[in-house]
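**Q** Here is my input, please return the structure:
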Amino acid sequence: MKPFTILACSSILLLTVGCAQQTQQEPEISSDNMNPLCNVDNGMAGGWNTSIVTPEAEKATNYVIGMMNTSAKLEKILAVKTQVVAGTNYVIDFKLDNGQVWNTRVFRDLNGKFTITQPAQPAQPAQPAQPAQQGSMNQDCQ
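**A** Numbering: from 1, shown residues only. Predicted coordinates for the structure are as follows:
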C-alpha cells in the first residue's frame, strides 16, 4: 500500500506543479486583430477593399486629372481601393501619358458627385511601381 500512496502523492504533486506554470505566448497578428484600415482584403463592411478598375473609378480619376494643372492624359489606372460609406471613397494610383505616377483619394456621393478628399500627389520616385503607397489610409498601416 505504501508504493501506491507514494505514486498517488507524486502524481498529484506533478499535476499541481504542471498546472501552476503558465506559458506566455506572443499574440499573433492576423487579419482578425489588425487595424481594419490595414486589411484591405477581408471584405469587412465599411472597410477598404482592393477593387478592379470600374467605370466609376475611371470617372473619378478623370475628374481628378481635369482638376490638375496638366495637359497630360490618363494612360493607365494602376490600382484602386474602395470603401463604401454614404457613397464610395476611392484611393487611386494612376499613370499619365507623360510617365508620371500619381495618387489621389476621391469621394463619390450617392448622387454621383465627386469630391477630391486628397489632392493628387506624385508617387515617390523610388517606388513608382508600388500601388497605393501614398493613400492616406496607408499612413495608418505602416
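**Q** just checking, Ile65 touches Ser71?
**A** No: using C-beta atoms under 8 Å, Ile65 makes no contact with Ser71, being 10.2 Å away. From N, CA and C alone the C-beta is placed, and that goes for glycine too.
**Q** of those two, who's got more company?
**A** Neighbours per residue (other C-beta atoms under 10 Å) separate Ile65 from Ser71, with Ile65 holding more: 17 against 8.
**Q** hang on, that one in a strand?
**A** No: secondary structure of Ile65 (DSSP: H, G, I helix; E, B strand; the rest coil): helix, not part of a strand.
**Q** which residues touch the closest residue to it other than its chain neighbours?
**A** What sits nearest to Ile65 in space, not counting adjacent residues and going by C-beta to C-beta, 6 or more residues apart in numbering, is Leu74, at 5.8 Å. By C-beta atoms under 8 Å, 6 or more residues apart in numbering, Leu74 lies in contact with Glu58, Thr61, Asn62, Ile65, Phe94, Lys95, Leu96, Asp97.
**Q** Mark which of the residues you listed are part of strands, please.
**A** Phe94, Lys95, Leu96 (DSSP state E).
**Q** now these as TSV including distance to Phe107?
**A** Below are the ones in strands among the contacts of Leu74 laid out as TSV (distance: C-beta to C-beta, whole Å):
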residue	distance to Phe107
Phe94	17
Lys95	22
Leu96	22
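**Q** Of those - the most surrounded one?
**A** Top of the ones in strands among the contacts of Leu74 by neighbour number is Phe94, holding 27 neighbours under the definition other C-beta under 10 Å.
**Q** This completes my enquiry, with thanks.
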